[in-house]
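# Kindly generate the corresponding structure for this input.
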Amino acid sequence: MIITLPNTSTREVTQRLNKAREERGEVASGRVLTVVVSSTAATPLESILVPVTDAAREHPARVIILQEADGPSDEPRLDAQIHLGGKAGASEIIVLSLHGGLTEHEDSIVRPLLLPDTPIVVWWPGDAPRNPAADPLGVLADRRITDVNAETTTRSIYRRRTTYSRGDSDLGWSRITLWRALLASTLDQPPFEPVESAEVTGPADDAAVDLAAGWLADQLGVPVKRINSDAPVPPVDAAGHETVPVQKTVLKRKGADITVAAQDAHTAEVTVGTRRSLVALAPRDLGDCLAEELRHLDSDYAFGRALRGLVRVNRPRRSGETVTRIVEDLESLESQR
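Model (predicted):
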C-alpha cells in the first residue's frame, strides 16, 4: 500500500499515518526504532528502499527517507509517499521529497515524525557531513551510519578518524565482520606463537581494507602493511562475482605464518603453517550490513580503535601521499565547497 501526498506538510503526513494505522488495526508500539535516511537526488530511491526493507524485517521501524528533489527549484515544497505493508512488512516507510530551501532544514522536517521513546538512527547512503555527530540530523541520533565507499571524496575514512564520536559507525566496518571473526579464530590454532607483523591486501580505494589494517594495528600492536591491489571496488573473482573486500591477509610469526585468502565469491583458503583448509566466506549485501548496525546501538569502540590504528599502518605512498597529507587535502576540499 502506497499513499501519495503531493505538496503536503509533516502534519498532514502524521494525520494520514494515524488514519491508515486505524484502518489496518496497527499500533505504533510495534516499531522498535526510527531510521532516518538522508540522501541526495543522485542516489536512486530504489537503492535505499531495498536495503532498508531488508533490514526492517529484523528491526521493525519507522523509516523516514529524506531526498533532495531532482532538478532546481526555488519554491519550498514537500512531497511525500507512505509505504505500508507489502515489502515494508511490519515497518512504515515515509519518503519525503524536499524542494527548494527545505533541503537546508532536514532536522526541522523530521522532528514531528520521530517516534517517541525509541532510538534514532541516521544513515547517509552517499556523501555524509564532514562531522556526522555535529550535523543537525546527527545531533538527534543515537547512532550515525556512513558509507565512505559511496562518497565522492576518496580517502574520506581518514576524515572519519579525525571527527569520530561515540555513536559513529561505517558500513565498511560491517562488511568485514565475518572476515574479522575468521581471522581471529585462526589464532586459536597451534602453534600458539605471537604475531610479529601483518600484511593486508585489497583494492586501493576500498575503505574496508583500510579499516581491516587499522584494526590489526590496534589489536596486535605490530607493524601492519597495507598492500594495494588493482582490483575494483568491490573486488571480484575469476567468474566476475563479488568477493570479500580483503583479498588476502598474512599474519607473520616465527614458526608458522597465518594466511587467509579469498578464493571466490563464497570461499576463502586458510593456511596455518603447512595446514590448509577451505572456509565459507561470502561478501555481505547492504541490507545485511545495515541490519547489523541496527542490532548494536551502543557505541562501537572497536570501530573507533580501528580508526585510531590507521595512523600506524604502513601504506604504500602514491605521489607523496601520507595520512597527514590525505587529511590536509580533505580539509582543503571541504573549505572550497
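# got a list of what the residue nearest to E193 when sequence neighbours are not counted touches?
Among residues not flanking E193 along the chain, R253 sits closest, at 4.3 Å (C-beta to C-beta, 6 or more residues apart in numbering). C-beta: built from backbone N, CA, C; applies to glycine. Contact partners of R253, counting by C-beta atoms under 8 Å, 6 or more residues apart in numbering, are P191, E193, P194, V195, E196.
# E293 too?
V121, W123, R143, I145, S169, L171, S174.
# Could you report the pLDDT at the spatially most central residue of the chain?
The centroid of the chain falls nearest to L171 when counting by C-alpha atoms, centre = their mean (2.0 Å). Note for L171: predicted pLDDT of 97.
# wait, doesn't it sit right on I145?
Yes. In this structure, L171 is within contact of I145 by C-beta atoms under 8 Å, at 6.6 Å.
# what about the residue of the chain most remote from its centre, distance to G273?
Here the chain reaches farthest from its C-alpha mean at G255, the gap being 37.4 Å by C-alpha atoms, centre = their mean. With distances taken as C-beta to C-beta, to the nearest Å, G255 is found 7 Å from G273.
# of the contacts of E293, buried ones?
For these, a burial check counting by 16 or more other C-beta atoms under 10 Å picks out V121, W123, R143, I145, S169, L171, S174.
# Export those to CSV and append columns for secondary structure.
Below are the buried ones among the contacts of E293 laid out as CSV (DSSP: H, G, I helix; E, B strand; the rest coil):
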residue, secondary structure
V121, strand
W123, strand
R143, strand
I145, strand
S169, strand
L171, helix
S174, helix
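# So which of these is the closest to T34?
V121 (7.2 Å; C-beta to C-beta).
# who are the neighbours in contact with the closest one?
By C-beta under 8 Å, 6+ apart, the neighbours of V121 are L33, T34, V35, V36, A141, D142, R143, R144, I145, E293, L294, L297.
# ok, now Q219?
Counting by C-beta under 8 Å, 6+ apart, Q219 has contacts R305, G309.
# what's the answer for P76, then?
H99, G100, G101, L102.
# which SS state does the last one fall under?
Taking three-state DSSP as the rule, one finds L102 in the helix state.
# Distance of it relative to L66?
9 Å.
# which residues do these two both contact?
I109.
# what's the overlap in contacts for G255 and G273?
P191.
# how many neighbours does the closest residue to T271 other than its chain neighbours have?
In space, and not counting its chain neighbours, T271 is closest to T259: 4.2 Å by C-beta to C-beta, 6+ apart. Residues contacting T259 under the criterion other C-beta atoms under 10 Å number 18.
# so T259 bridges to which residues?
V250, T271 (DSSP bridges).
# That one: what's it in contact with?
K248, T249, V250, L251, E269, V270, T271.
# Just name the closest of the contacts of E293 to E151, please.
For the contacts of E293, the nearest to E151 is L171 (11.2 Å; C-beta to C-beta).
# Now do the phi/psi pair for the closest residue to that closest one other than its chain neighbours.
Spatially, and ignoring its direct neighbours in sequence, L171 is nearest to D147 (4.3 Å; C-beta to C-beta, 6+ apart). For D147, the backbone dihedrals (degrees, to the nearest 10) come out as phi -150, psi 90.
# same check, this time on V95
phi -100, psi 120.
# quick one: it and Q81 touch, right?
Yes. When contacts are counted by C-beta under 8 Å, V95 is listed as touching Q81 (4.3 Å).
# who's more crowded, these two?
Using other C-beta under 10 Å as the criterion, V95 and Q81 rank with V95 on top: 20 against 17.
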